[in-house]
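Peer 1: this one's structure only:
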């Protein structure tokens, strides 16, 4: 067989995926309407989030149950710096709304979220896995409680009402919340956001792939497999784990900033424990440590609630004549069942990484964990 | 001063409930080395089952305490069955899996139980009828109700019984042996699987009692109450030294008092910047501080790192 053929086929495959991704919003928008393009936009945000958490859980093997807190930090920072809220709450300090450029606010949010990650990681990373899970869970809740209550006496977060009137993402002077006139055709806002999110998602994927194959990536895997042995091999386990936490949090911060700009509104409700668990589900279900698997998991689980909303209620209506279980409950129920079943039947996820599969096969042989 | 004493009393009542729940965490951790994430949901199921039973029994015209006791006696076996099921579904099949796996199944179980409870009992808050005498007694300028006395005394009795069970009976010896080393315990003729199942069932029975106490104390219960309670009880277990039964009791009482004093005085301490709605935050700060400065807890031994 011609040795060029596999390479050519790979290129062809990439080109096909590229074309499919490029026309996706138009196809979806034409067949299902623009609200579904919006759902696809959210799916892309979840892909970014899941890839960030995958660095922590999948690569480094640190179970983080409060990951959504970093998303919240990114989102609130963006919201504070791009909405009139600060000017309204503190007229003495801010004469007008802080009108910072989008390209400054987004990296700033990422940076601050990353700092939070390191801050949380520094005291807790010497803990064993399950303790770490609980502490991160507690941290996530603390952030949410503060967001909920920091409206008095100083109105920083506007409490449960959240912050609205957040400025949209702005690229080359065009706010993405408004449709773009191009060659006489009108491209709707959700489609613009789609391309923007897609570009950033591809960037995140690229960074993840490069990280995975880097010295740092191998150090993470070593720590996940056996921390003591990793240390014996000369890996500075504390710094490497901190980097995993910080980088994961940074991705979360970026996704948070994008979410705030896209939605135009943030409130503590979006950052509860269940959101953290949902992102964890994406990572676990798709295949911890495998980038393609995590993307699959994120897309599946981001679309699931919409599919349920669209399908479950009519189905129940037809079967029982009423809707005993609302789609939201059903979604969570399915998540819970999926977590149990996946861990029992396919512990490496739907699309496992080769290494994980080997590792689990070794466990199944009865060798010591 | 009387406010201080009042907060201490409230804290002790709350703390004895935390201690009962913490015992469930600490016993499972002592034996399996795993956090049973679904334990908080068992408490919730106990509270709601008892409330449903009480709701059925109230029209029968029995005296209040009898009705509550009957509700409790129905909730206990239900919770035991739930605890048994959790062990069967989420833990036993994964006993030799990597450590992350049972943690994730437990989270899954927790979500499933919570959503099932939501389907069964709805999103509403259920009120606990005023069946127990709530007349306050005056103690050094503070008030303590009969209900609070009942809670503290019941919790103390249960803990004493548990200590007796663990230190004086054959079963207790089997539990301690399994906690020490399952494989050696098995060689000595201990049916390890049964001991583990029994530990879950025992912890769940205590959780049922705690659930009824919480519902009676706050006169309210709903499907999401288990999560925060479970977290705090876990904090209590860690504070006392996880795996240590005496530590869980001490940790529970301490955490209750810390929380109640903290919520009472945070306003004064921060000059009104933070208020008592930050009550839930204290447990987490205590948890993080303990884990950073004394991960073995107050009464625990040093835990070796597991590879």
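Peer 2: Everything's here; your move. Since the structure is predicted, the reported quantities are computational estimates derived from the model, not experimental observations.
Peer 1: who in the stretch 151-300 of chain A is up against chain B?
Peer 2: Proximity of the stretch 151-300 of chain A to chain B, by Cβ under 8 Å from any Cβ of the partner chain, involves residues A:152-154, A:226-229, A:273-274, A:277, A:280, A:284, A:288. C-beta: built from backbone N, CA, C; applies to glycine.
Peer 1: In contact with residue B:212, which residues?
Peer 2: The neighbours of residue B:212, taking Cβ atoms under 8 Å, 6 or more residues apart in numbering or on different chains as the test, are B:46, B:47, B:50, B:68, B:71, B:72, B:75.
Peer 1: Next, give me the two most distant ones among the residues you listed.
Peer 2: The widest separation within the contacts of residue B:212, taken as Cβ to Cβ, falls between B:46 and B:68 and amounts to 12.8 Å.
Peer 1: how about the helices in the chain?
Peer 2: Reading this off chain A. Ranges of helices within chain A are A:4-32, A:34-54, A:68-81, A:85-89, A:102-124, A:129-149, A:189-212, A:215-225, A:227-232, A:237-263, A:273-286, A:291-320, A:327-345, A:354-364, based on DSSP state H.
Peer 1: wait, chain B
Peer 2: With DSSP H as the criterion, chain B has helices at B:2-32, B:39-57, B:64-86, B:100-121, B:146-168, B:170-180, B:182-187, B:192-218, B:225-240, B:245-269, B:279-293.
Peer 1: ok, the longest one near chain A or not?
Peer 2: No - judged by Cβ under 8 Å from any Cβ, helix B:2-32 makes no contact with chain A; its nearest approach is 8.6 Å.
Peer 1: Counting by contacts, list what that helix packs against.
Peer 2: Here helix B:2-32 is seen to pack against helix B:39-57, strand B:142-145, helix B:146-168, helix B:170-180, helix B:192-218, helix B:225-240, helix B:245-269 when contacts are counted using 3 or more Cβ pairs under 8 Å, 6 or more residues apart in numbering or on different chains; DSSP states H and E.
Peer 1: want to try a markdown table for these, with mean pLDDT and distance to residue A:10 as columns?
Peer 2: Output for the helices and strands packed on helix B:2-32, formatted as a markdown table (pLDDT from 0 to 100; distance: least, Cβ to Cβ, whole Å):
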| stretch | mean pLDDT | distance to residue A:10 |
| --- | --- | --- |
| helix B:39-57 | 93 | 48 |
| strand B:142-145 | 85 | 74 |
| helix B:146-168 | 91 | 62 |
| helix B:170-180 | 91 | 54 |
| helix B:192-218 | 93 | 50 |
| helix B:225-240 | 88 | 47 |
| helix B:245-269 | 86 | 57 |
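Peer 1: Pick the most buried one from these.
Peer 2: helix B:225-240 (a mean of 27; mean count of other Cβ atoms under 10 Å in any protein chain shown).
Peer 1: Helix B:2-32 and that helix, what's the angle between them?
Peer 2: Note on geometry: by axes from the mean of the first three to the mean of the last three Cα atoms, to 10 degrees, helix B:225-240 and helix B:2-32 are set 80 degrees apart in direction.
Peer 1: ok, is helix B:225-240 in contact with chain A or not?
Peer 2: Yes - when contact is scored as Cβ under 8 Å from any Cβ, part of helix B:225-240 falls within range of chain A: B:227, B:231, B:234, B:235, B:238.
Peer 1: Can you name the two of those that sit furthest apart?
Peer 2: For these, with distances taken as Cβ to Cβ, the pair at the greatest spread is B:227 and B:238 (16.8 Å).
Peer 1: So residue B:18 sits against residue B:256, correct?
Peer 2: Yes - between residue B:18 and residue B:256 there is a contact under Cβ atoms under 8 Å: 5.4 Å.
Peer 1: joint contacts of these two?
Peer 2: When Cβ under 8 Å, 6+ apart defines a contact, the residues bordering residue B:18 and residue B:256 alike are residue B:236.
Peer 1: Show me which residues of the stretch 1-150 of chain B are close to chain A?
Peer 2: By the rule Cβ under 8 Å from any Cβ, the part of the stretch 1-150 of chain B lying against chain A is B:34-35, B:89-90, B:93-94, B:96-105, B:107-116, B:118-119.
Peer 1: if you set the cut-off to 10 Å instead, what comes out?
Peer 2: Taking Cβ under 10 Å from any Cβ of the partner chain as the criterion, the neighbours of chain A within the stretch 1-150 of chain B are B:29, B:33-35, B:37-38, B:89-90, B:93-116, B:118-119, B:123.
Peer 1: So, low pLDDT: which residues of the stretch 1-150 of chain B?
Peer 2: B:1, B:134 (pLDDT under 70).
Peer 1: mind running it again at 80?
Peer 2: Segments of the stretch 1-150 of chain B classed as low confidence (criterion: pLDDT under 80) are B:1-2, B:61, B:97-100, B:130-135, B:139-141.
Peer 1: cool, and the stretch 1-150 of chain A?
Peer 2: Low-confidence segments of the stretch 1-150 of chain A, defined by pLDDT under 80, span residues A:1-7, A:29-30, A:33, A:86-100, A:123-131.
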